[in-house]
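1. Any chance you can model this:
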Amino acid sequence: MSQGNFAEMENKRVLVVGMGNSGKAAAQAMLALKAVVSVQDSKAEDSIDPQFLAFLKDKNVMCYFGRQPEDMGQFDLLVISPGVSPELAFIQKARQAGVEIIGELELAYRIGGGNYVAITGTNGKTTTTTLVGEIYKAAGKKTYVVGNIGVAVVSKALSAEEDSWLVTEASSFQLETIKEFQPAVSAILNLTPDHLDRHKTMENYGGAKARIFENQTAGQYCIINYDDKDCYRLAERCNAKVVPFSRKEELDFGAFVQGGRIVIKAEDGRLVEFCKADELHIPGGHNLENALAACAIAYFGGIGPDVITQVLRSFMGVEHRIEFCGETRGVRFINDSKGTNPDAAIKAIEAMKENIILIAGGYDKNASFDEFVASFDGRVKALMLLGKTATKIKEAAERAHFGNSIILKDMDACVKEAFRIAEPGDVVLLSPACASWDMYTSFEQRGRHFKECVRALGR
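-> You can find the predicted model right below:
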């Protein structure tokens, strides 16, 4: 449980870096706690939300928009947003001047209340976090679903009470800047290449993910993927009780599938049964993994099996993750805009039974697309490409002797061309294998635009 250290922030000179959702929430929280707040963003002032800008000026907040403070030593604390690299020169200057540097997740833990469940991994975080949140709510717990899922942790932490639960999706960027953060239950779902433009190596990336359990103690739990050996090896340095989950093997302890049913072998050796795997409404083997993880998180977090089973049977998934969004003339359309790296997109492809016309491409995070293309394996009949990585993916496809690909100018053109060549029974799948930042502000905006383009086909 976090401590709610309100008094220590009064009159503290704080610079909040990055004015996205988490930065805005951090600035507002610091002002509420009577800190002396300044804010910084690389964008010019005319690109900042006018209402928020008016709020800052009304509070006499010093704003550094499109520039950086010259004297970084004037601050006691820097709170940096997840999208801001700690390696930026002016942040390094602050570090050299002895300024403490944390992120919004650490800030929320320090100043707020409540108990934390923290979930990380390359893929499946949003689905698992949402599912765990629904389980905790169904159990009657006062629950906030926060973090990388789109709700700043600090925006709820100040109102969280001693018996509240903050079910938190934690990215590697957020975990880079923790110090004291200590969840009651942590989880690492998987580990595949992503964000190497920021982390540079898989070792660095895995190390950032592993920080989720670095402050946990023997009385707490870490849920981790037994089938993903690179992921499971991270647990060697974990002090908490390690609870494995597996969809491929039966375990002596942890969550797994036995006789087609999700089960947990508890610490006392009892076998606790939940729903059948085929009762899940979320498709694909990766979603069975997400369900196993959620089941273990909730069970070892103190939730009864009846409540967990009820929610597993009713949960319908999340927006932008293998989301059915319409059928026109026998062609189904699936929005998987949250497939922001090759491994996530592979999982979406594997979850489809129909012939696929795939829309992919976007911002380049220095990922390789060879395994992505190899996963087509007769499932993908045509490939529509857009964004900065279009040529890179096309070249990977050609190396694998997949020739039916075309580069198009935007989403609307991709959807129209996919529909033109589709036959009844085909599925048009948006699973970009890339981030959205070259053409959209977020994967949510990209997914919504895809759905608008699909709706326009029927007009």
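
2. Only C-alpha atoms from now on, for both contacts and neighbour counts.
-> Fine.

3. so V117 touches I188, yeah?
-> No. Look at V117 against I188 with Cα atoms under 8 Å: they stay out of range, at 11.5 Å.

4. So those two - more neighbours on which side?
-> Legend: neighbour count by other Cα atoms under 10 Å for V117 and I188, higher for I188 (29 against 25).

5. State the phi and psi torsions of the more buried one.
-> Per-residue torsions, I188: phi -120, psi 110 (degrees, to the nearest 10).

6. go on, K156?
-> When read as degrees, to the nearest 10, the backbone of K156 gives phi -110, psi -20.

7. Can you get me a residue count around the residue lying closest to it once chain neighbours are set aside?
-> In space, and not counting its chain neighbours, K156 is closest to Y144: 7.0 Å by Cα to Cα, 6 or more residues apart in numbering. For Y144, the tally of surrounding residues (other Cα under 10 Å) stands at 22.

8. Pairing partners for Y144 in the sheet, please.
-> Legend: beta-bridge partners of Y144 under DSSP bridges are L166.

9. pLDDT score for it?
-> For Y144, the pLDDT comes out at 97.

10. now do the one 5 residues further on
-> In this prediction, I149 carries a pLDDT score of 83.

11. ok, how many other residues are close to it?
-> Using other Cα under 10 Å, I149 has 17 other residues around it.

12. same thing with K57?
-> Using other Cα under 10 Å, K57 is surrounded by 11 other residues.

13. Also A89?
-> Neighbourhood size, A89 [other Cα under 10 Å]: 10.

14. residues contacting it?
-> Neighbour list for A89: empty [criterion: Cα atoms under 8 Å, 6 or more residues apart in numbering].

15. which element follows the lowest-mean-pLDDT helix or strand in the chain toward the C-terminus?
-> In the chain, the helix or strand scored least confidently by mean pLDDT, DSSP states H and E is helix 196-199, which has a mean of 56. Using DSSP states H and E, the next helix or strand after helix 196-199 towards the C-terminus is helix 202-210.

16. State the next helix or strand along the chain beyond that following helix.
-> Following helix 202-210 in sequence, per DSSP H and E, is strand 221-225.

17. Against which helices or strands is that following strand packed?
-> strand 185-188, helix 229-233, strand 241-245, helix 285-300 (3 or more Cα pairs under 8 Å, 6 or more residues apart in numbering; DSSP states H and E).

18. ok, 10 Å please
-> With contacts taken as 3 or more Cα pairs under 10 Å, 6 or more residues apart in numbering; DSSP states H and E, strand 221-225 sits against strand 115-120, strand 185-188, helix 229-233, strand 241-245, strand 254-258, helix 285-300.

19. I'd like to know how far E176 sits from E214.
-> As judged by Cα to Cα, to the nearest Å, E176 and E214 stand 12 Å apart.

20. Now the common contact residues for V117 and I188.
-> Counting by Cα atoms under 10 Å, 6 or more residues apart in numbering, the contacts common to V117 and I188 are 170, 222.

21. just for this protein, where's the confidence low?
-> Across the chain, the ranges flagged by pLDDT under 70 are 1-7, 193-200, 459.

22. Domains of it: list them as residue ranges, please.
-> The record's domain parsing of the chain by automatic domain parsing lists 12-98, 106-314, 323-457.
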